[in-house]
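1. sequence unknown, structure follows:
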């Protein structure tokens, strides 16, 4: 009987913790870059005090919310026919994938970047930059191998920087459309590696 009660409490705790994370992500996605614990608790349907049963403090809630968001949007990092096909197709696939991903994760990415202390912890935990750079290296392995040895790291770094969220967001805030950004991506990658 005690095991059933314990299991029930654990299930309720997990359900409430997930509701808090969902509420946090939902508030960020709706444009609230810095939701308060009270706003999160209200949307999650839990008491304000109970939020701190699931998270150490507001910073921990923010970090765990960012990590949950990254997990939620993880499937968007998949590139169709990864590393396969003609160069032009691989360029298009990577450019299209990054733009589609950034369109979805933009609110979370912007909120994370506004909280440098949390962003640093988030990047340490997930190392998304390393994974994104690795995608560039594998997607264009043939083209990179054909470059002079001294130029390979520079080319990968240049393409990786171009394809960063910050670069995407800068072009978007300067008035570029998504189609124009895709065109910039394709042109620049082709110029550097083609």
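-> Sure, I can see it. Since the model is a prediction, treat every value here as computed from it, not as a measurement.
2. Break the chain down into its domains, please.
-> What automatic domain parsing lists as the domains of the chain is 2-55, 80-193.
3. Turn the ones you listed into JSON lines, including mean pLDDT.
-> Shown next, in JSON lines, are these (pLDDT from 0 to 100):
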{"stretch": "domain 2-55", "mean pLDDT": "89"}
{"stretch": "domain 80-193", "mean pLDDT": "92"}
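4. who wins for proximity to residue 66 among these?
-> Across those, residue 66 has its closest neighbour in domain 80-193 (4.8 Å, CB to CB). Every C-beta, even on glycine, is put in place using the N, C-alpha and C of the backbone.
5. Start and end of the closest one, how far apart?
-> 20 Å (CA to CA, to the nearest Å).
6. One more: stretch 46-57?
-> 16 Å.
7. what distance separates it from the centre of its chain?
-> 25 Å (CA atoms, centre = their mean, to the nearest Å).
8. got the domains of the chain as TSV, with mean neighbour count and distance to residue 63 columns?
-> Putting those into TSV (neighbours: other CB atoms under 10 Å; distance: least, CB to CB, whole Å) gives the following:
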stretch	mean neighbour count	distance to residue 63
domain 2-55	15	9
domain 80-193	16	5
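9. could the ones you listed be laid out in CSV, adding distance to residue 73?
-> Formatted as CSV, the domains of the chain follow (distance: least, CB to CB, whole Å):
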stretch, distance to residue 73
domain 2-55, 10
domain 80-193, 5
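10. can you pull out the helices in this structure?
-> With DSSP state H as the criterion, the chain has helices at 2-29, 37-44, 51-54, 58-73, 87-114, 116-126, 128-139, 141-145, 149-162, 165-173, 178-193.
11. Nearest to residue 80, out of these?
-> Comparing those by CB to CB, helix 87-114 comes nearest, at 5.1 Å.
12. Could you name the helices and strands sitting against the closest one?
-> helix 2-29, helix 58-73, helix 116-126, helix 128-139, helix 165-173, helix 178-193 (3 or more CB pairs under 8 Å, 6 or more residues apart in numbering; DSSP states H and E).
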